[in-house]
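Participant: what's the 3D shape of this:
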Amino acid sequence: MSDPRSSDVLIVGSGAAGLTAALNLAQRFRVTVLAKGRLDEGSTAWAQGGIAAVLEPGDTFENHIEDTMVAGAGLNDRATVEFVVENAPAAIERLAELGVPFNDGDGDERWHLTREGGHSHRRIVHVDDATGRAVQEALIAAAQAHPNITLVPDMVAVDLATSRHEMRYSGAGRVWGAYALDRNTGRVALFTARATILATGGAGRTYLFSTAPGGATGDGIAMAWRAGCRVSNMEMMQFHPTCLYNLEVKNFLITEAVRGEGGRLCNPRTGHRFMPDIDPRAELAPRDVVARAIDAEIKRFGLDYVHLDISHMAPEFVRGHFPNIHDKLLGLGIDMTREPIPVVPAQHYTCGGIVVDLDGCTDLPGLYAAGECTESGLHGANRLASNSLLECFVFGEAAARHIAAHWDELAPPPPIRPWDESRVADSDEEVVIKQNWTEIRRFMWNYVGIVRTTKRLERAQHRIAMLTEEVNDYYGHFRVTPDLVELRNLLQSAELIVRSALHRKESRGLHYTLDYPETLPDATDTVLVP
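Facilitator: Residues are numbered from 1 along each chain as shown. You can find the predicted model right below:
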């Protein structure tokens, strides 16, 4: 194939959103896909639960829309929710055609459907408890087999190439591709294209405890913000209620489906099952409710964790439904068929992000975005379980469709200036990066976590201002490294999260502040303009 550094469409990110877009575009166009590390290192492969869609007799689109709106505390954009929900069954059909081996149903049912918190019906198709991995493998195999798709691993995107990088400077704000750092050579390369899609995932690694992979450092959000895109609802950071508490294994998620199939949350000291005291839906309440309840129980009793117990169910039922989790825990000395699992809440999903419309268009011409790096209006103030992979497929396709339909309006890139590192030296102080990284994640966890106060948020804002000065100075003097790029993006993401959280003078969904515990009558998005 021709040079991947000059293609029709550049996609940054090789997860569900990026590869869905690539496969839809490759019939007509030459596509380059940049992966930050290995092709399968993103969040998609980590998704245990499944994909939500109306597939059961008696379930309706209206039910799925309503469940999504209720979980999102009314902050969702109803048109977006309708668009995604109505496109869900077709998206799952296409995945089945690609060879994703969804679990078979009983009798007349084609697929086995499970139920998760916040859903009024069984509507989650899954591949055991490792759906994301199966989807990722099928998408990569299809992309590798396509002659028009070039997959380039180990490329860390540094910044978008915009009109201000043109040889003949222009202030048009158009995006012409991206600069990316090759991990193998340590050099920054320019990738140009008529259209660019950001599918870079969330910003989970801004927090000390997170279920997100190491690469989830808010890169796409920070790059888009620096280039001139609005971001929205960054304060809506979802915490998964049940991450394994284990000092060796940092981010092993215990899927919501364990609670869906009968798992109970208990205080390890008293044995008391506490969720029925807090919400009539008990363990099946939405994630924000469950996470806050666990957080309160831990703080009240001075605990390190709570227990998630499904040992009252038949051992063969537990092993049959959760083979991967069962094996993983057994390797750590926990038999979930006989004893409870120690769990804590952990950052899990970035509900806010780059503002996009129903075509995946951002504020900048030539730039699209899809998946967890966006704020499409689907999730509102709290994502409903198993709507995340779904958003990736629907918006990956939507962006591809819009690019194809408007191809003639997308001009070929003009000459763009190469990356300039003539005035920088190799770093002499890597410890600065490690120190700042650890500090950000710790104060974000302590000050901008599940329960917030204005005072804590202001403390975080003060720390961010000081660190930004330090990191900008460092960035200006030294050659970029993957760690430095990620630190810069982490800090930018943290700043956007804190600024958004200070702006919202109410508690809604995932944003819970002791200073404004009431929910205001009108739901309004927090939109930041660069």
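Participant: Can you pull the poorly scored residue ranges out of the stretch 151-300 of the chain?
Facilitator: Within the stretch 151-300 of the chain, the stretches with pLDDT under 70 are 250.
Participant: now the helices for it?
Facilitator: Applying DSSP state H, counting those that start in this stretch to the stretch 151-300 of the chain gives helices spanning 219-227, 257-260, 275-278, 287-301.
Participant: Next, the buried residues of the third one.
Facilitator: So that's helix 275-278. Buried positions in helix 275-278, judged by neighbour count with 16 or more other CB atoms under 10 Å: 275, 278. To be clear about C-beta, it is placed using only N, CA and C from the backbone, and glycine gets the same treatment.
Participant: That one packs against which elements?
Facilitator: Where contact means 3 or more CB pairs under 8 Å, 6 or more residues apart in numbering; DSSP states H and E, helix 275-278 is packed against helix 287-301.
Participant: immediately after the helix it packs on, which helix or strand?
Facilitator: The helix or strand immediately downstream of helix 287-301 is strand 306-309, counting by DSSP states H and E.
Participant: partners of that following strand, with directions?
Facilitator: Strands adjacent to strand 306-309 in the sheet, as given by DSSP bridges, are strand 264-266 (antiparallel), strand 341-350 (antiparallel).
Participant: For the helix or strand following it, give me every contacting residue.
Facilitator: The helix or strand immediately downstream of strand 306-309 is helix 315-321, counting by DSSP H and E. Helix 315-321 has contacts (CB atoms under 8 Å, 6 or more residues apart in numbering) with 129, 257, 261, 310-311, 326, 336-338.
Participant: out of these, which are buried?
Facilitator: 129, 257, 261, 310-311, 326, 336-337.
Participant: Out of the contacts of helix 315-321, give me the two with the largest separation.
Facilitator: For the contacts of helix 315-321, with distances taken as CB to CB, the pair at the greatest spread is 257 and 338 (19.5 Å).
Participant: and the residue lying farthest from the centre of the chain, what does it touch?
Facilitator: Largest separation from the mean C-alpha position in the chain: residue 168, at 36.7 Å (CA atoms, centre = their mean). Contacts for residue 168 were tallied using CB under 8 Å, 6+ apart; they are 414-415.
Participant: any idea how far it is from residue 367?
Facilitator: As judged by CB to CB, to the nearest Å, residue 168 and residue 367 stand 20 Å apart.
Participant: re earlier: residue 120: which of the helices of the stretch 151-300 of the chain is closest?
Facilitator: When the helices of the stretch 151-300 of the chain are compared by CB to CB, helix 257-260 sits nearest residue 120, at 12.4 Å.
Participant: List the buried residues of the closest one.
Facilitator: For helix 257-260, the neighbour count (16+ other CB under 10 Å) marks 257-260 as buried.
Participant: ok, now stretch 505-524?
Facilitator: Buried positions in stretch 505-524, judged by neighbour count with 16+ other CB under 10 Å: 506-513, 516, 523.
Participant: same thing with stretch 147-160?
Facilitator: Of all the residues in stretch 147-160, those buried under the rule 16+ other CB under 10 Å are 148-160.
Participant: now the residues you listed as a markdown table including distance to residue 249?
Facilitator: Formatted as a markdown table, these follow (distance: CB to CB, whole Å):
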| residue | distance to residue 249 |
| --- | --- |
| 148 | 40 |
| 149 | 34 |
| 150 | 35 |
| 151 | 29 |
| 152 | 31 |
| 153 | 25 |
| 154 | 25 |
| 155 | 29 |
| 156 | 26 |
| 157 | 29 |
| 158 | 32 |
| 159 | 34 |
| 160 | 36 |
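Participant: and these, which of them are in strands?
Facilitator: Counting by DSSP state E, the part of the buried residues of stretch 147-160 found in strands is 149-152, 155-160.
Participant: Of the helices of the stretch 151-300 of the chain, flag the one that's most buried.
Facilitator: Each of the helices of the stretch 151-300 of the chain was scored by mean neighbour count; the highest is helix 219-227, a mean of 26, by mean count of other CB atoms under 10 Å.
Participant: Alright, that wraps it up for me.
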